[in-house]
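J.: Dropping a prediction and its sequence here:
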Number of protein chains: 2
Amino acid sequence: MRITHVEARDIRFPTSKMLDGSDAVNVDPDYSAAYVTLHTDQDGLQGNGLAFTCGRGTEIVVTMIRAFAPLVEGRTIDEIREDMLGFWRRLTSDSQMRWLGPEKGVIHLATAAITNAVWDLLARCDEKPLWQYLLDMPVETLVACIEFRYVTDLITPEEATYMLRSLEPSRASRLHHLRKNGYPAYTTSAGWLGYSDEKLRNLCREGVAQGWTRFKQKVGANIEDDRRRARIIREEIGKDGILMMDANQYWDVDEAIRHMNRLREFDPYWIEEPTSPDDVLGHAAIATALRPIRVATGEHAQNRVLFKQFLQADAIGACQIDACRLGGVNEVLAVLLMAAKCGVPVCPHAGGVGLCEYVQHLSIFDYVAVSGSLEHRVLEYVDHLHEHFVHPVTIRDGNYVAPETPGYSIEMHPTSLDRYEYPGGAAWKQ
Amino acid sequence: MRITHVEARDIRFPTSKMLDGSDAVNVDPDYSAAYVTLHTDQDGLQGNGLAFTCGRGTEIVVTMIRAFAPLVEGRTIDEIREDMLGFWRRLTSDSQMRWLGPEKGVIHLATAAITNAVWDLLARCDEKPLWQYLLDMPVETLVACIEFRYVTDLITPEEATYMLRSLEPSRASRLHHLRKNGYPAYTTSAGWLGYSDEKLRNLCREGVAQGWTRFKQKVGANIEDDRRRARIIREEIGKDGILMMDANQYWDVDEAIRHMNRLREFDPYWIEEPTSPDDVLGHAAIATALRPIRVATGEHAQNRVLFKQFLQADAIGACQIDACRLGGVNEVLAVLLMAAKCGVPVCPHAGGVGLCEYVQHLSIFDYVAVSGSLEHRVLEYVDHLHEHFVHPVTIRDGNYVAPETPGYSIEMHPTSLDRYEYPGGAAWKQ
C-alpha cells in the first residue's frame, strides 16, 4: 500500500461571532484547521490529520503542508512503518526548509498534521484506535519511533525502554479501571472572557449539575474583573471544586506574580500560560513565587526541547502538551516520557477543533503505559465543534470514555469540510 | 506619504552547486531571500527588506508576507513614525495569526522582512544610513520603538533610557574611531564543510594575506575530520590568529562537551551553535563545562525572550543576533540593550544573502550608542552574493567601512531580482 496524494484543506468555523474561545490574547478566534487527508492506492483506506489554527493564517499552514507533500507522496506504508523516525526526520530536517523553524511554528504545525495523519493511517490498517495501536507495539519498536535528539541529557532511549517495560505487567489493571471509569476531564466551556457574568454563573451551575467538578477561568486583562468572576465561579462550584486560571500569556514575569497574589484567595489550582510561552526561566521564577499554586503551560510550547527545559527547571506543575503544536505522535511520546521521569503530570491542551479527539488517545496511553497514574491528571474538554467529527469524543459524568473505533478519531464529515472550507464553502460565502 | 503596495518576491541563488555555505546541518543551501518592496505614492521612494532563507520554503515566507500586506497597505509614513511599536505589534499580535508563532519561525521572518523595509523607508525619507538615523533619534523616541514586553524582568524602558543617555556624551569619539578604523570583522569564507583540505588551506593563506586575523571553521559531523581541519587552519593562521568553531546544532548537550574537549588543543575562541538553538539550559551546561571557550549562538534564536534567557543563565559569551530572524529593528534593539546590560558582546550573524549589509548598521549603532565598546566584538563576513546589492558592504583590512548611503543597504539590483526569481527567473529556467 502506498500514499498516492497528500490533500490539504483550509477549514474555518466562524466562532468569533459568539466570542466562544475568547480570552485575554485570543480575542476573536475563528477556530480552524489545516486538514490533511492521505489518500492511498487501497480503496477506502485513508489517513487524516489536522493542525489546529485560529482563522487567518490557516492558509500558510496549508501551503506548508503542500510544500512537504513531495516528501510523502509515493511512500509505502511498509517503509514508513519500518522507519517511522526516519520519516519524521525527513520532514523536520529537510536541509533547506528547516531554516523556517527549526521544529517550531508553521513548519512544525505542518509536520504535526502530516505525522498524525500517518499514525491515523497505521492504526486504521491494524483496525485499532491509536491508543491501542501504541499499546500493542513491542516496546523496542515504539521507542525506535521516538525523537530523542536534543533531549538525551534528560532521557535516553535505554531509560525510556526500561520505564515502559517496568509498567507492562500492571497495564491490564489500569485498562480495566479506564474502561470502567473513563479518563477525568475538566471544562473550559464556562469561563471565556467574552461571556457576561450572568452567562458565566449559569454555565457554572449547569456544569455542576452535569457532574463537572473542575472549571477553568480566563484571566489577565483586568484584575478587578478577574476577581469578580473568580468569586462567581467559586460561589457556584463550592470550596471543594477545582478552579484553574488561564492568562493566555498576558503578563510579564513580575506582573504575573503580582496579579496572581491578588487571586490567591480564590484558591486557584493552577495558573496557565502566565507569560511568554518561550520563557523557561520566567515560568520557573513564577512557580517559585506562587507555590503551592501550580504553573501550567504547553499549548504554545514549540517542541520537546522546550518541554525538557520546563521540566529540568522545575518550572511547571502541569505539562500541557498539544497534539499538533508538537510535531505529532513521535515527539509527543518523548514529552510523555520526560514528564513521567520528572514526576510532572501531563494534562493536555484541548478544545479548539479536534484537539479533544486527538488527546484522549495520548492521555490514555500515558496513563496505561507511561505514567501509570491518574493523580493530578485532567484532560481539558470544551463542548464546541465535535459534531463535525465522524467519531467525536464521548463524555460521561465528567470523564472521557475510551474511543474504540480505529484510528486517531480526527476524520471530519465531508459535508462539514465542504461547508466550512475557506473561502469557498457555503458558510463563508454568505 | 503612504505605503500603497507591499510586494514580496521569492529570490533564490543556486549556491548549493558549489557547496558554498555547507555545514554539518545545512548540507546544500540555496541562499535565498523573501524580498519585500514597500511601494509608496511618492515617486522614486520605496522601502526594502528581506528575510534570509535557504531555498525550499522561501515561498512560505513570501506567502506569509502577503498575508500581512493588508495590515500595512494604506498606512502613512507619519502614522507609522509616530507609533512604530504599535505598527510592529499589529503584525506580531494579530489575534488570529499569532497562533502560527507567536513571534517565531515563518511568521517572525515575515515580520522582520516587513519591519526592516519600514525602517529602510524611514531612514531614506531622512536621507540617512539607518545607523545614523537611529543615532539621531531622540533617546525617548527610540526607546518608545522598542519591544520590552516579556523582558521587563531583565530590562525596563527606564533602564534603557538611562543606559543610552549615559553614553551620549562620548558618542563623538567612538564615531571618530569608527570612521577612521571601521568595525572589526571575521571571515567564514574559508571553513565550509564541503571544501577540500587543499581548498581550505589555500583560502586560509589568502585570507591571512588579505589581512584577516579571525577565521571560522565548521565542525560537528566527524571528530577526526574536525581535528585535521583545525590543525590546517591553526598552521596557516598561527598561534595568535583567532579560530572560531561552528557546529550548526549538530550535537546533543553531552556530545557537545565531549567533542569540544577533543578540540580544545587547537585553542578555539568560541563554539557556535553546539546544540539545539532552543536549549537555554543546555547552552548553560556547555558553557560551564567548556570555559574559557565561549559559547555563541543566535542565528536561530527566535526572539528577544530566548536571548533574555541566554543572558540570564550566563549561557553565552557571544550574542549572535540575526537581523531578520529576530522581528526586525524594534526587537533587535531590545537584545542589544539586554546584552549590554549583561556585559555580553554582540557579534551578529551574517553571511547568507544581505545579512552583512543589514548587520553593519546594527553593530555600528551598538558600538556608538549602546555597548560603547569594541572589545570581543567581531562582525561576521562572508564574501558571497554582495554583487547583487545596490550598496554592498565595503571591507578594508578586515574591517567593515561604515556605510554612508541612505537606508538599510538591503536594496537589490532589479536585474538580479529578475534573474534569480524562483521559479520563473532566467537562472532557474536553465
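T.: Looks like it arrived, so ask away. Please read these numbers as outputs of a predicted model, since none were measured by experiment.

J.: which residues sit in contact with the closest residue to chain B within chain A?
T.: Closest residue of chain A to chain B, Cβ to the nearest Cβ: A:Gly105 (2.7 Å). No exception for glycine: its C-beta is placed from N, CA and C like everyone else's. Contacts for A:Gly105 (Cβ atoms under 8 Å, 6 or more residues apart in numbering or on different chains) come out as A:Gln302, B:Leu100, B:Gly101, B:Lys104, B:Gly105, B:Val106, B:Ile107, B:His108.

J.: Need the pLDDT of the closest residue in space to the third one that isn't next to it in sequence.
T.: Yep, that's B:Gly101 we're talking about. Closest residue to B:Gly101 apart from its sequence neighbours, by Cβ to Cβ, 6 or more residues apart in numbering or on different chains: B:Ile107 at 4.3 Å. On pLDDT, B:Ile107 comes in at 98.

J.: Just confirm B:Ile107 contacts B:Gln96, I think it does.
T.: No. Here B:Ile107 lies out of contact with B:Gln96, judged by Cβ atoms under 8 Å, at a distance of 11.3 Å.

J.: what residues are shared contacts of the two?
T.: In terms of Cβ under 8 Å, 6+ apart, B:Ile107 and B:Gln96 are both contacted by the residues A:Gly57.

J.: ok, these two, which is more surrounded?
T.: B:Ile107 (27 against 20; other Cβ atoms under 10 Å in any protein chain shown).

J.: Tell me how far the closest residue to A:Asp397 other than its chain neighbours lies from B:Ser409.
T.: Nearest residue to A:Asp397 in three dimensions, chain neighbours excluded: A:Gly211, at 4.4 Å (Cβ to Cβ, 6+ apart). Distance from A:Gly211 to B:Ser409, counting by Cβ to Cβ, to the nearest Å: 65 Å.

J.: Which one of those two is surrounded by more residues?
T.: B:Ser409 (25 against 11).

J.: Can you point out the buried residues in stretch A:88-99?
T.: A:Trp88, A:Leu91, A:Thr92, A:Asp94, A:Ser95, A:Gln96, A:Met97, A:Arg98, A:Trp99 (16 or more other Cβ atoms under 10 Å in any protein chain shown).

J.: mind checking how far the helix ranked longest in chain A is from the chain centre?
T.: Criterion DSSP state H: the longest helix present in chain A is helix A:105-125. Between the centre of helix A:105-125 and the centre of its chain there are 13 Å (Cα atoms, centre = their mean, to the nearest Å).

J.: again with stretch A:348-362
T.: 5 Å.

J.: next one: stretch A:138-157
T.: 20 Å.

J.: what's the helix or strand for A:Asn330?
T.: Here A:Asn330 sits within helix A:329-342, counting by DSSP states H and E.

J.: now that helix: mean pLDDT?
T.: On average, helix A:329-342 scores 98.

J.: Now do that helix and helix A:105-125, the angle between them.
T.: 100 degrees (axes from the mean of the first three to the mean of the last three Cα atoms, to 10 degrees).

J.: Any part of helix A:329-342 near chain B?
T.: No. On the criterion Cβ under 8 Å from any Cβ of the partner chain, helix A:329-342 is out of touch with chain B, staying 12.8 Å away.

J.: For chain A, which helix or strand comes out least confident on mean pLDDT?
T.: strand A:183-191 (a mean of 80; mean pLDDT, DSSP states H and E).

J.: Would you tell me what the next helix or strand after that strand is?
T.: With DSSP H and E, the next secondary element past strand A:183-191 is helix A:197-209.

J.: packing partners for that next one?
T.: Applying 3 or more Cβ pairs under 8 Å, 6 or more residues apart in numbering or on different chains; DSSP states H and E, one finds that helix A:197-209 makes contact with strand A:183-191, helix A:223-237.

J.: Pretty sure the residue nearest to A:Asp397 sits in a helix.
T.: No. A:Gly211: not assigned to a helix; according to DSSP: H, G, I helix; E, B strand; the rest coil it is coil.

J.: Am I right that it is in contact with A:Tyr381?
T.: No. Using Cβ under 8 Å, A:Gly211 makes no contact with A:Tyr381, being 11.8 Å away.

J.: Show me where the stretch 251-400 of chain A dips below the pLDDT cut-off.
T.: Applying pLDDT under 70 to the stretch 251-400 of chain A flags no residue at all.

J.: can you list the residues of it near chain B?
T.: So the stretch 251-400 of chain A meets chain B at A:252-254, A:275-282, A:285, A:300, A:302-303, A:305-306, A:308-309, A:312-313 (Cβ under 8 Å from any Cβ).

J.: Any of those buried? List them.
T.: A:252-254, A:275-282, A:285, A:300, A:302-303, A:305-306, A:308-309, A:312-313.

J.: End to end on stretch A:254-272, go ahead and measure it.
T.: Start and end residues of stretch A:254-272 are separated by 15 Å (Cα to Cα, to the nearest Å).

J.: what's that stretch in contact with?
T.: Contacts for stretch A:254-272 (Cβ under 8 Å, 6+ apart): A:214, A:216, A:219-220, A:223, A:226-227, A:230-231, A:233-234, A:239, A:242-248, A:251, A:274-275, A:282, A:285-286, A:289-290, A:293-297, A:317-318, A:320, B:152-153.

J.: Restricted to strands, list those residues.
T.: A:Arg214, A:Lys216, A:Ile242, A:Leu243, A:Met244, A:Met245, A:Asp246, A:Arg294, A:Val295, A:Ala296, A:Thr297, A:Ala318 (DSSP state E).

J.: which of these lies closest to B:Leu417?
T.: In terms of Cβ to Cβ, no member of those lies closer to B:Leu417 than A:Thr297, at 42.8 Å.

J.: how many other residues sit next to the residue nearest to that closest one when sequence neighbours are not counted?
T.: Excluding the flanking residues, the one nearest A:Thr297 by Cβ to Cβ, 6+ apart is A:Glu273, at 5.3 Å. Per other Cβ under 10 Å, the neighbour tally for A:Glu273 reads 28.

J.: From A:Ile257, how far out is A:Glu273?
T.: Distance from A:Glu273 to A:Ile257, by Cβ to Cβ: 14 Å.

J.: hang on, the earlier thing: of all the helices and strands packed on helix A:197-209, which lies closest to A:Ser416?
T.: That would be, of the helices and strands packed on helix A:197-209 and by Cβ to Cβ, strand A:183-191, which comes in at 20.3 Å.

J.: Need the distance between the two termini of stretch A:94-114.
T.: End to end - Cα to Cα - stretch A:94-114 spans 15 Å.

J.: Then stretch A:253-271?
T.: 13 Å.

J.: list the buried ones in it?
T.: A:253-257, A:259-260, A:263, A:266, A:268-271.

J.: Surely A:Ser170 is in contact with A:Gly372?
T.: Yes. Assessed by Cβ under 8 Å, A:Ser170 is found in contact with A:Gly372 at 6.7 Å.

J.: follow-up on the earlier one: is it possible to get a markdown table of the helices and strands packed on helix A:197-209 that adds distance to chain B and mean neighbour count?
T.: Formatted as a markdown table, those follow (distance: least, Cβ to the nearest Cβ, whole Å; neighbours: other Cβ atoms under 10 Å in any protein chain shown):
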| stretch | distance to chain B | mean neighbour count |
| --- | --- | --- |
| strand A:183-191 | 16 | 23 |
| helix A:223-237 | 18 | 17 |
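
J.: could you dump the ones you listed to CSV with distance to A:Gly398?
T.: Below are the helices and strands packed on helix A:197-209 laid out as CSV (distance: least, Cβ to Cβ, whole Å):
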stretch, distance to A:Gly398
strand A:183-191, 6
helix A:223-237, 12
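
J.: Check the secondary structure at the residue nearest the centre of chain A for me.
T.: When Cα atoms, centre = their mean is applied to chain A, the residue found nearest the centroid is A:Asp322 (2.8 Å). Look at A:Asp322: counting by three-state DSSP, its state is coil.
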